[in-house]
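[1] Okay, sequence plus prediction incoming.
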Amino acid sequence: MTNPVFVAIDLPDLAAARTLAAAVAPHVGGLKLGLEFFCAQGPAGVAAMAALGLPLFLDLKLHDIPNTVAGALHSLAGLAPAIVTVHAAGGHAMLAAARAAAPAATKVVAVTVLTSLDDGDLSAIGVAGGTATQVARLAALVRAAGLDGVVASPHETAAVRAAWSEALIVVPGVRPAGSAVGDQKRVMTPREARAAGASVLVIGRPITAAADPVAAAAAIARDLS
Ligand SMILES: O=C(O)c1cc(=O)[nH]c(=O)n1[C@@H]1O[C@H](COP(=O)(O)O)[C@@H](O)[C@H]1O
């Protein structure tokens, strides 16, 4: 079975990112590059990381009017990432435009409710009903717009899987027992998240901030095998 872990290389420096990614590569299934790396290194940096040969998840969480999101995806097309992210809250037209603009081989997934938010945070931005209800609502919207899947926390993964069996469910908020939760609010262990139905586990600091990142990645891979 393929390793479901995409390690989040949240670093601004290309040399450091390459060194870390190359070291943990034997123990992960892919690399995730997000805003910290992209804002510092841009598409050229992404291409340099792609040269390491692992599947690449480009997490830019695009959220704008449909024309702009489509344009951003056209601009990224040469990178041909395995997965890209947009925000589900951008609405049906934006989601459909994103899918249409991305290369066919790129999976487009939409972030539902960030794993750093809880029910109180949602209420503070005017969303009533809690995280589970909001994730279910947005996952249905994402599916109707023709996307490949969603980003959701481990807490909502089983419900999304039950409602949408073929979805690519990308799951951050993953914490091996004993690792610091940090700014994440809806978390589970790697095994629990996979058992709930996750397709991809996004894991950053429990690997990258560990005293021994290679040992941390290897331990997670062993635990999942
Ligand atoms: O889209 C994401 O990858 C994402 C969505 C979400 O709701 N929560 C979330 O943490 N992420 C990303 O997943 C990674 C989690 O990193 P750690 O908290 O260090 O494991 C970060 O790169 C976040 O940008």
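    Arrived safely.

[2] For the ligand, what is the nearest residue in this structure?
    The shortest separation between the chain and the ligand is 2.6 Å, found at Gly204 (distances taken as CB to the nearest ligand atom). In short, each C-beta sits where N, CA and C put it, glycine included.

[3] Number of residues surrounding the closest residue to that residue other than its chain neighbours?
    What sits nearest to Gly204 in space, not counting adjacent residues and going by CB to CB, 6 or more residues apart in numbering, is Ala8, at 3.3 Å. Here the count is done by other CB atoms under 10 Å, and Ala8 has 23 residues near it.

[4] and the gap between Ala8 and Pro206?
    Note on Ala8: its distance to Pro206, by CB to CB, to the nearest Å, is 10 Å.

[5] rewinding a little: need phi/psi at the residue of the chain closest to the ligand.
    When read as degrees, to the nearest 10, the backbone of Gly204 gives phi -110, psi -100.

[6] Low-confidence stretches in the chain?
    Residues of the chain meeting the criterion pLDDT under 70: 1.

[7] For Ala110, give me phi and psi.
    Dihedral pair for Ala110: phi -110, psi 130, per degrees, to the nearest 10.

[8] Counting by contacts, list what the strand or helix carrying Gly42 packs against.
    With elements taken from DSSP states H and E, the one containing Gly42 is helix 35-50. If contacts are counted by 3 or more CB pairs under 8 Å, 6 or more residues apart in numbering; DSSP states H and E, helix 35-50 sits against helix 14-24, strand 30-33, strand 56-62.

[9] now the second one: how far from the chain's centre is it?
    In other words, strand 30-33. 9 Å (CA atoms, centre = their mean, to the nearest Å).
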